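Chemist: Structure, please.
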Amino acid sequence: MDQKTLETQAIVEKHEKSESQSFSFTVSNPPYQKMDNGPNPASVAIYHHYMNMAKEYSDKISMIYPTRWVQGGRGSGIAQFRSNELKSTKYSSYYDYSNSMDIFPEVDIKGGINLFLWNREKTKPIVKCFYNGKPIIKASISEKEIYVRDPGFSSMVDKVLTVLKTSKSLSEIIEPRGFYGEKISNKSRIEALPEEILNKVKAYYVIKGKGVYSRNLSIDNVRNNVIVNDWKVFASKTTSLQLNKTYPRTDRIFIGEPDSVSSDSFLKIGSFNSEAEAINCLRYIKTEFCSMLFALITPAQNSTKSNYKLIPNVDFKTGEIKINNNETAFIDFGRPETLDNQLAEIFNLTEKEKQLLKSDIKPWRNRIDPLGDK
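Modeler: Residues are numbered from 1 along each chain as shown. Next up is the predicted model:
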């Protein structure tokens, strides 16, 4: 479905546009999403189309809709909408609630809700922003290239962004969903295929309500030219909501051995030559530090590789991490119980930042054992 069709269905529907229409004030709680008609039907955002339309005819706008747009979301034109609005000077006030039930007591909207006042005549780059009721004055909704909802972690993120100027992001070694091909993309397709004894791969998939399962399938079912005989980490695309933030699923992240593949329920992280490297990668992702960096920019239940872009990449063989053009640091993966302390030192976290991390994140059930959460 192209953008014009979606906008027409979502906004215009039964109304005809009139160039003479104008309003002093528009107040709206617009429809949030609509099912698309693709091969794998899913909901797509449409609320931003209502906002775009209101801006054509209104001097002032107050709306309420999901906050997912600030960091992601599916929908035609939402990336451009995010780029425009995060830097806009037209917002007078902006309220972000990580728990939608603070506004709608009986409605749980994953990722939270936002409401705002937009003023066409406003020119000064000052906006009163509120995160869960806590005020902060900013020049725009987002003053960074990555929007961080919780202002308490702003200084920590600044330190990470400085490192990312010279270091790669972990997202650069993550494959997109669908990497292994359409034939093994979901449970139904995997279970419809015959099991293989000889020329096989182990395909991991999820049975809802039961957990992670696997079947031995013919390698011919895997997309052509895809490497399967490497070590890697499989991480669930679905997330876990804890303390009003969205974290990786602790029960669905594990080592992928050589000749293993996965359904689209997982993201493939890395392509390693040894099990030791894969274990180091898994333990790194499981640190409080990396889990929080993931959570800060993950607004919804389903994650993509882009949700890992705030996590600096590491040489998982040597432990080397590039701090800037003149400095490198090394993580000692041989002491997994100290990884968070090592990262706190490498990134110069203050005592306040370290305490905030510990108070704001639920510990992994099993952080050190690489197979403990499988």
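
Chemist: So what's the residue count around residue 254?
Modeler: Other residues near residue 254 number 22, with proximity taken as other CB atoms under 10 Å. Where you see a C-beta, it was placed from the backbone N, CA and C, and this is true even at glycine.

Chemist: Which pLDDT does the model give it?
Modeler: What the model reports for residue 254 is a pLDDT of 94.

Chemist: all strands of the stretch 1-150 of the chain, in order?
Modeler: With DSSP state E, counting those that start in this stretch, the ranges of strands along the stretch 1-150 of the chain come out as 23-28, 33-35, 43-45, 58-66, 91-97, 113-119, 127-131, 134-138.

Chemist: Redo those as JSON lines? Include distance to residue 202.
Modeler: Conversion of these to JSON lines gives the following (distance: least, CB to CB, whole Å):
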{"stretch": "strand 23-28", "distance to residue 202": "50"}
{"stretch": "strand 33-35", "distance to residue 202": "33"}
{"stretch": "strand 43-45", "distance to residue 202": "32"}
{"stretch": "strand 58-66", "distance to residue 202": "37"}
{"stretch": "strand 91-97", "distance to residue 202": "43"}
{"stretch": "strand 113-119", "distance to residue 202": "41"}
{"stretch": "strand 127-131", "distance to residue 202": "44"}
{"stretch": "strand 134-138", "distance to residue 202": "48"}
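
Chemist: Mind putting the ones you listed into JSON lines with distance to residue 228 and mean pLDDT?
Modeler: Putting the strands of the stretch 1-150 of the chain into JSON lines (distance: least, CB to CB, whole Å; pLDDT from 0 to 100) gives the following:
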{"stretch": "strand 23-28", "distance to residue 228": "50", "mean pLDDT": "93"}
{"stretch": "strand 33-35", "distance to residue 228": "34", "mean pLDDT": "81"}
{"stretch": "strand 43-45", "distance to residue 228": "32", "mean pLDDT": "83"}
{"stretch": "strand 58-66", "distance to residue 228": "38", "mean pLDDT": "95"}
{"stretch": "strand 91-97", "distance to residue 228": "42", "mean pLDDT": "92"}
{"stretch": "strand 113-119", "distance to residue 228": "42", "mean pLDDT": "94"}
{"stretch": "strand 127-131", "distance to residue 228": "44", "mean pLDDT": "85"}
{"stretch": "strand 134-138", "distance to residue 228": "47", "mean pLDDT": "80"}
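
Chemist: right, so of these, which gets closest to residue 259?
Modeler: In this view, these are compared for proximity to residue 259 by CB to CB, and strand 43-45 is the closest at 35.4 Å.

Chemist: The closest one pairs with which strands?
Modeler: Looking at strand 43-45 with DSSP bridges, its paired strands and their directions are strand 33-35 (antiparallel).

Chemist: Could you list the buried residues of the strand it pairs with?
Modeler: Buried residues in strand 33-35, counting neighbours by 16 or more other CB atoms under 10 Å, are found at 33, 34.

Chemist: Same question for stretch 162-182.
Modeler: Residues of stretch 162-182 classed as buried by neighbour count (16+ other CB under 10 Å): 163, 164, 167, 169, 170, 171, 173, 174, 175, 177, 179, 180.

Chemist: mind checking the backbone torsions on the fifth one?
Modeler: Its backbone dihedrals place residue 170 at phi -60, psi -30, with angles given as degrees, to the nearest 10.

Chemist: now swap in residue 99 and tell me
Modeler: phi -110, psi 110.

Chemist: thinking again about what came up before, inside helices: which ones of the buried residues of stretch 162-182?
Modeler: 163, 164 (DSSP state H).

Chemist: Relative to residue 318, which of the buried residues of stretch 162-182 is nearest.
Modeler: When the buried residues of stretch 162-182 are compared for distance to residue 318, the smallest value, 14.1 Å, is given by residue 167; criterion: CB to CB.

Chemist: ok, the closest one to residue 104 distance?
Modeler: In this structure, residue 167 and residue 104 are 41 Å apart, going by CB to CB, to the nearest Å.

Chemist: now swap in residue 123 and tell me
Modeler: Remark: distance between residue 123 and residue 104 (CB to CB) = 33 Å.

Chemist: ok, now residue 357?
Modeler: When CB to CB is the yardstick, residue 357 and residue 104 sit 30 Å from each other.

Chemist: neighbour count winner among those two?
Modeler: With other CB under 10 Å as the criterion, residue 357 and residue 104 differ in neighbour count, and residue 357 comes out ahead with 20 against 14.

Chemist: which element is that one on?
Modeler: Element membership of residue 357, judged by DSSP states H and E, is helix 351-360.

Chemist: Show me which positions of that helix end up buried.
Modeler: In helix 351-360, counting by 16+ other CB under 10 Å, buried: 353, 354, 356, 357, 360.

Chemist: residues contacting the closest residue in space to the first one that isn't next to it in sequence?
Modeler: Spatial nearest neighbour of residue 353, excluding adjacent residues (CB to CB, 6 or more residues apart in numbering): residue 156 at 5.0 Å. Residue 156 sits next to 292, 347, 349, 353, 356, 357 when contact means CB atoms under 8 Å, 6 or more residues apart in numbering.

Chemist: try residue 191
Modeler: Residues in contact with residue 191 (CB under 8 Å, 6+ apart) are residue 215.
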